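> got a predicted model here, sequence first, then my questions.
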Number of protein chains: 2
Amino acid sequence: MPYQFTDSVPYLLNWVGVRLGERFSLRLASYDITLPMYRVLATLRQHESKMLTELSEMVSVEISTLSRLVGVLVRRDLVTRVRPEDNARIVQIALTEKGAELADELMPIAAMFEKTAIEGLKPEEIKMFKTFLRHIGRNIGSL
Amino acid sequence: MPYQFTDSVPYLLNWVGVRLGERFSLRLASYDITLPMYRVLATLRQHESKMLTELSEMVSVEISTLSRLVGVLVRRDLVTRVRPEDNARIVQIALTEKGAELADELMPIAAMFEKTAIEGLKPEEIKMFKTFLRHIGRNIGSL
DNA sequence: CCACAATGGTTGTCAATGCAAATGTTTCCT
DNA sequence: AGGAAACATTTGCATTGACAACCATTGTGG
């Protein structure tokens, strides 16, 4: 059997990923929040405080882009950006009260969204699916 | 158990997808080809000829962006863009000889790449994984 | 058969992105 | 201690990409 591009894992992954992103962006639009913004808020909601580099790795946004993005989030009073006393080269990003509230409002929507997306898959299938994804994620190092 | 963002399907999907794309882009760089370009070539390799809108849907690239992208591929003599006699509002995109040759050179690399990415998963697991992806893909309509 | 809606594609414009260089900070080595 | 290397972030600049407005063609209902 020949290699079929549109049947390949990277293709399918991208196709589904892009569409999920598009759809969810639409939902976020009414909150005046972009998808990368949401990713930052949601990540911080579960990690308290992260430096820029860590955040960049987690949300898959290029660090210079993220630097600017954090800038707008600070201006909107959704996150804080502080240089710790004991280490002046890093910057800690954390949610403000307002940012935490927004995250708490948005995350249930994301949860519902995901629920609809994986509708029809059995719990153990979802578990497997995530395991496969993480497995591929680990393999990426050897690419 | 609370909803954990970094454990969600959309997050994992994006995380893995972005990284696969980044890595493969690096491979393509030596051919002076970008990832979206590769996607166009590979799609056409398996579909002969597509109109712009269909191509846009398949490669997940916004149509105006794709219009310009096709422009550069035409200039590089990798694809042709013709308005059929019988329907002058559509445009058919097809590979040139040169484009087909390039696709044939690149696709085995992509195949190897994928092989490495899914290393360690059993054939039936890969099959399941793709089934899950397609299933989610179909659900997206109801988002 | 003709106005008008719908479809397919291109172009103008501006915001988002990414790379590279610059800046400041800490760590490491001798 | 002193300077080089490594690290974390920011900024400048050029490219990319998205959205909207637009043009051209085809399809449709009265």
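Perfect, thanks for sending it.

> contacts and neighbour counts: CA atoms only from here.
Noted.

> from DNA strand D, how far out is the residue nearest the centre of chain A?
Compute the mean C-alpha point of chain A, and by Cα atoms, centre = their mean the closest residue is residue A:39, 3.5 Å away. Using Cα to the nearest atom of the strand, to the nearest Å, we find residue A:39 at a distance of 17 Å from DNA strand D.

> number of residues surrounding the residue nearest to residue A:140 when sequence neighbours are not counted?
With sequence-adjacent residues excluded and distances taken as Cα to Cα, 6 or more residues apart in numbering or on different chains, residue A:140 is closest to residue B:117, at 6.0 Å. Close neighbours of residue B:117, defined as other Cα atoms under 10 Å in any protein chain shown, add up to 22.

> how near is residue B:117 to residue A:142?
8 Å (Cα to Cα, to the nearest Å).

> also residue A:78?
37 Å.

> more crowded one of those two?
residue A:78 (21 against 7).

> for that one, which residues are in contact?
Taking Cα atoms under 8 Å, 6 or more residues apart in numbering or on different chains, we find residue A:78 in contact with A:95, A:96, A:97, A:98, A:99, A:100.

> can we see that at 7 Å?
Listed by Cα atoms under 7 Å, 6 or more residues apart in numbering or on different chains, the contact set of residue A:78 reads A:95, A:96, A:98, A:99.

> once you drop chain neighbours, what's closest to it?
Nearest non-adjacent residue to residue A:78 (Cα to Cα, 6+ apart): residue A:99, at 4.0 Å.

> check residue A:53 too.
residue A:63 is the one closest to residue A:53 (Cα to Cα, 6+ apart), at 6.6 Å.

> same check on residue A:37?
Using Cα to Cα, 6+ apart, the closest residue to residue A:37 is residue A:69 (7.4 Å).

> can I get the helix or strand encompassing that neighbour in CSV, CA atoms only?
According to DSSP states H and E, residue A:69 maps onto helix A:63-75. Provided in CSV are the C-alpha atoms of helix A:63-75 (Å, rounded to 0.1, in the frame of the first residue of the first chain):
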residue,chain,number,x,y,z
ILE,A,63,8.8,33.3,23.2
SER,A,64,9.0,36.7,21.6
THR,A,65,5.4,36.5,20.6
LEU,A,66,4.5,35.4,24.1
SER,A,67,6.5,38.3,25.6
ARG,A,68,4.2,40.7,23.7
LEU,A,69,1.1,38.7,24.4
VAL,A,70,1.8,38.8,28.1
GLY,A,71,2.2,42.6,27.7
VAL,A,72,-1.4,42.9,26.6
LEU,A,73,-2.6,40.6,29.3
VAL,A,74,-0.9,42.7,31.9
ARG,A,75,-2.4,45.9,30.4
